[in-house]
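Visitor: how would this look folded up:
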Amino acid sequence: MSTEERPLSFVPGWLWVLLAATLALQITWRAGFAGHARGAEDLPSAPPAGLLRLAAFGEEPALARVLMLYLQSYDYGGANQLRYRELDYARLADWLRAILQLDPASGYPLFAAGRIYAEVDDPARMRLMLDLIYEAFLDDPNRRWAPLAHAALLAKHRLGDLPLARRYAAALQREVTDPQVPLWARQMEVFILEDMNEWEAAKIMLGGMLESGTITDPGELQFLKERLDALEARAGRK
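Guide: Residues are numbered from 1 along each chain as shown. Below you'll find the predicted structure:
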């Protein structure tokens with residue numbers, strides 16, 4: 001094995017930038033929160049997006065990944081005894097928003113919001129995460145439909161809030177235009193309307209989907225027609 005050392009110039013420039021950004025953030029946070037007890041430390045307030053972009057030195061996606069690790073250290077790090085379920089969720093939401101602004105193409109902040117931070121037995125904290133997902137979805141519906149579909153399921157099954165679930169499902173049906181998005185996501189509102197016993201509204205929506213011409217797959221068309229027939233039968237029995 002060669003013992004020859006490589007010069008520092010061999011290190012890629014982006015790695016130096018990431019190291020500098022990380023060091024700058026570490027110094028800033030330590031200086032601002034040195035008086036806090038590390039045993040049960042809560043999240044500090046998220047820095048302004050402009051400051052984070054400045055600290056990124058043009059490497060926003062790299063800094064976004066570092067910041068996600070920073071957030072997760074509040075649960076995974078052995079030095080912190082305050083579990084993420086007990087954190088200030090308003091601050092947590094601000095951090096996730098800031099990270100999304102740094103790297104809008106990343107799906108991980110919204111994945112963490114829905115699959116980690118929303119999975120708590122605290123309705124108020126859950127709603128903060130679900131609202132964050134809804135807000136982010138509206139900025140990029142065709143790429144962020146999956147987190148909102150999961151949020152609709154959480155609102156329905158975990159919160160038992162059918163109006164909120166319908167609000168999210170309606171946004172999916174209204175805002176998503178990518179034909180590659182699966183049918184089940186685009187017709188979630190129909191199922192929620194059925195759960196709310198709003199059969200007439202569900203019938204109207206299904207009929208509109210069939211008449212719109214946007215659904216061309218024969219299997220999907222047949223499925224929707226069968227759903228519409230079932231709704232008409234239920235409405236007739238009522």
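Visitor: which other helices and strands contact the host helix or strand of Ala170?
Guide: Here Ala170 is covered by helix 162-175, with elements defined by DSSP states H and E. Identification of packing neighbours for helix 162-175 by 3 or more Cβ pairs under 8 Å, 6 or more residues apart in numbering; DSSP states H and E yields helix 123-139, helix 145-157, helix 183-186, helix 188-195. In short, each C-beta sits where N, CA and C put it, glycine included.
Visitor: neighbours around Gly114, how many?
Guide: Gly114: 23 surrounding residues under other Cβ atoms under 10 Å.
Visitor: same question for the helix holding Ala170, mean pLDDT?
Guide: Helix 162-175 shows a mean pLDDT of 94.
Visitor: hang on, the earlier thing: let's have the helices and strands packed on helix 162-175 in CSV, adding distance to Ala169 and mean pLDDT.
Guide: Below are the helices and strands packed on helix 162-175 laid out as CSV (distance: least, Cβ to Cβ, whole Å; pLDDT from 0 to 100):
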stretch, distance to Ala169, mean pLDDT
helix 123-139, 11, 97
helix 145-157, 5, 94
helix 183-186, 9, 83
helix 188-195, 4, 83
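Visitor: out of these, which is closest to Leu54?
Guide: helix 123-139 (22.3 Å; Cβ to Cβ).
Visitor: contacting residues around the closest one?
Guide: Outside of helix 123-139, the residues within contact range by Cβ atoms under 8 Å, 6 or more residues apart in numbering are 85, 89-90, 92-93, 96-97, 100, 104, 109-110, 113-114, 117-118, 120, 144-145, 147-148, 150-151, 154-155, 158-159, 164, 167-168, 171, 175.
Visitor: what about Trp184, neighbour count?
Guide: Residues lying near Trp184 (other Cβ under 10 Å) number 11.
Visitor: what about stretch 166-186, start to end distance?
Guide: 12 Å (Cα to Cα, to the nearest Å).
Visitor: shaky segments in this structure?
Guide: 1-41, 75-83, 199-215, 217, 221, 223-224, 231-232, 234-238 (pLDDT under 70).
Visitor: strands along that one, start to end?
Guide: Shown for the chain, no strands are assigned by DSSP state E.
Visitor: run through the helices of it in chain order.
Guide: Counting by DSSP state H, the chain has helices at residues 13-32, 49-56, 60-76, 89-102, 108-112, 123-139, 145-157, 162-175, 183-186, 188-195, 199-212, 218-237.
Visitor: export these as CSV, with columns for distance to Leu43.
Guide: CSV is the format used below for the helices of the chain (distance: least, Cβ to Cβ, whole Å):
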stretch, distance to Leu43
helix 13-32, 11
helix 49-56, 15
helix 60-76, 6
helix 89-102, 4
helix 108-112, 14
helix 123-139, 13
helix 145-157, 21
helix 162-175, 26
helix 183-186, 32
helix 188-195, 32
helix 199-212, 41
helix 218-237, 44
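Visitor: need the helices and strands packed on helix 162-175 in CSV with distance to Pro48, can you?
Guide: Compiled in CSV, the helices and strands packed on helix 162-175 are given as follows (distance: least, Cβ to Cβ, whole Å):
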stretch, distance to Pro48
helix 123-139, 18
helix 145-157, 25
helix 183-186, 34
helix 188-195, 36
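Visitor: of those, which is nearest Leu228?
Guide: Evaluated with Cβ to Cβ, the helices and strands packed on helix 162-175 place helix 188-195 nearest to Leu228, the distance being 9.3 Å.
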